[in-house]
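>>> Structure for the following, please:
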Amino acid sequence: MAALTALNKKIIFLSLAALLALAAFAVVVRAQEPATETTTGKTGLQVSAPLYNFGIDPGGVAQEIVKIRNVSDSTKTFYPEVLDFKPAGEGGAPSFLKSEESASYTYSLASWITISKDPITLKANESAALNFTINVPKDAEPGGRYAGILFGTTAPEISGTSQVAISNKVGSLVLVRVAGAAKEVATLKEFSIAKNFFEKPPVDFVVRVQNSGNVHVIPKGNIEIKNVFGRSVAALPVNAKNGNVLPDSVRRFDKESDDLTWDPKGFTVGRYKATLLLTYGSPAKTLTDTVTFWIVPWKQLLVIGLAAIIIILLLILGVKRYNRYVVARALKNQNQPQ
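Here you go, the predicted model:
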């Protein structure tokens with residue numbers, strides 16, 4: 001019986017080793033998935049800063065310099081202009097305004113900015129610097145104001161109410177916060193994933209923040225992911241690029257804009273909880289929400305389960321055959337004459 005017990009233990013040990021080998025194979029296959037990279041192009045004009053952010057008192061003045069450089073291989077003439085803008089969609093891109101539409105825009109800034117509108121001719125790799133001044137009226141309401149200083153290769157239109165085409169324009173955005181009791185009100189419009197059950201990673205998150213106030217805000221934070229045991233397994237930064245959410249708009253943060261994708265390497269299974277925590281404004285205010293989801297690699301588990309069943313059946317069959325052999329041998333020894 002001691003030999004029987006030792007053999008049974010050995011068979012069980014080998015079975016467990018086989019199951020661990022199958023799991024390790026699944027981990028290796030998952031870790032070898034290739035990564036992807038992206039590239040960006042170049043423009044014929046380089047601007048010193050894509051964004052200027054000012055805080056100015058009513059009646060106050062601010063001055064700054066915008067530098068431009070012709071990075072093309074030929075001489076070009078650029079035409080400066082200042083246009084108000086508002087958000088276009090939820091990606092943070094600006095939609096520039098002109099004429100009557102700009103005049104009725106609550107957050108108009110263009111009329112407060114003074115800059116030379118003379119054409120600028122630059123040879124290849126030649127640079128220029130332009131001074132601009134922001135004059136805030138004494139009776140200006142607290143809150144945000146928004147405009148862009150643009151440079152195009154064609155003279156700006158004199159009139160018109162349509163949205164400006166900016167395919168051939170490059171410039172800087174100017175954000176001004178007029179000091180005072182501005183209204184900072186942001187709400188979490190959405191924190192979601194595509195589904196609650198995944199066969200395997202990645203898991204893509206979507207965060208949408210709505211600004212119902214009258215001044216731009218920068219919601220920042222992270223998404224913390226915990227497993228079923230409450231242990232933190234990942235933290236994804238949200239709005240690491242300090243994107244502004246302008247008044248009366250919604251800003252979307254997702255895998256394209258902020259790489260909000262959880263793609264763990266190795267064998268991943270179980271229930272997970274993702275908690276979003278954002279802060280914005282002064283004093284700091286918080287936005288929070290949670291989502292739960294499951295990752296069940298059922299195909300891999302099916303293979304491992306079938307393998308386990310086969311091994312267990314073989315184990316049972318082997319034990320039975322060995323037991324019969326031991327019993328038969330014992331009976332044979334008993335029947336032999338002494």
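>>> Would you state the strands of the stretch 51-200 of the chain in chain order?
51-56, 61-70, 76-88, 93-96, 113-115, 120-122, 127-135, 143-152, 169-178, 186-193, 197-198 (DSSP state E, counting those that start in this stretch).
>>> Sort out which residues of the fourth one are buried, please.
Meaning strand 93-96. Applying a neighbour-count criterion of 16 or more other Cβ atoms under 10 Å, one finds 94, 96 buried in strand 93-96. From N, CA and C alone the C-beta is placed, and that goes for glycine too.
>>> The fifth one too?
Across strand 113-115, burial judged by 16+ other Cβ under 10 Å covers 113, 115.
>>> neighbouring strands for it, and are they parallel or not?
strand 127-135 (antiparallel) (DSSP bridges).
>>> Same check on the shortest one?
For strand 197-198, the paired strands and their directions (DSSP bridges) are strand 285-295 (parallel).
>>> what inclination does the partner strand have with respect to strand 186-193?
10 degrees (axes from the mean of the first three to the mean of the last three Cα atoms, to 10 degrees).
>>> Find the residue at the geometric middle of this protein.
Centrality entry for the chain: nearest residue to the mean C-alpha point is D258, 2.2 Å, by Cα atoms, centre = their mean.
>>> Do you know the pLDDT at that one?
Predicted confidence (pLDDT) for D258: 93.
>>> again with P156
pLDDT, P156: 80.
>>> Same check on G305?
Value listed for G305 in the pLDDT field: 74.
>>> and it, helix, strand or coil?
helix (DSSP: H, G, I helix; E, B strand; the rest coil).
>>> Same question for L314.
Assigned by three-state DSSP, the conformation of L314 is helix.
>>> can you count the residues close to it?
Using other Cβ atoms under 10 Å, L314 is surrounded by 12 other residues.
>>> ok, back up a step: ok, now which ones touch the residue nearest to the centre of the chain?
By Cβ atoms under 8 Å, 6 or more residues apart in numbering, the residues touching D258 are 207, 237-241.
>>> For A330, grab phi and psi.
When read as degrees, to the nearest 10, the backbone of A330 gives phi -70, psi -40.
>>> Check the gap between it and R324 for me.
11 Å (Cβ to Cβ, to the nearest Å).
>>> shaky segments in the stretch 201-338 of the chain?
298-302, 335-338 (pLDDT under 70).
>>> Would you map the strands across it?
Taking DSSP E, counting those that start in this stretch as the test, the strands found in the stretch 201-338 of the chain are 203-211, 220-226, 232-238, 249-253, 261-262, 270-280, 285-295.
>>> Which of these sits closest to K123?
For K123, the closest of these is strand 249-253, at 39.7 Å, according to Cβ to Cβ.
>>> Fine by me, we can end here.
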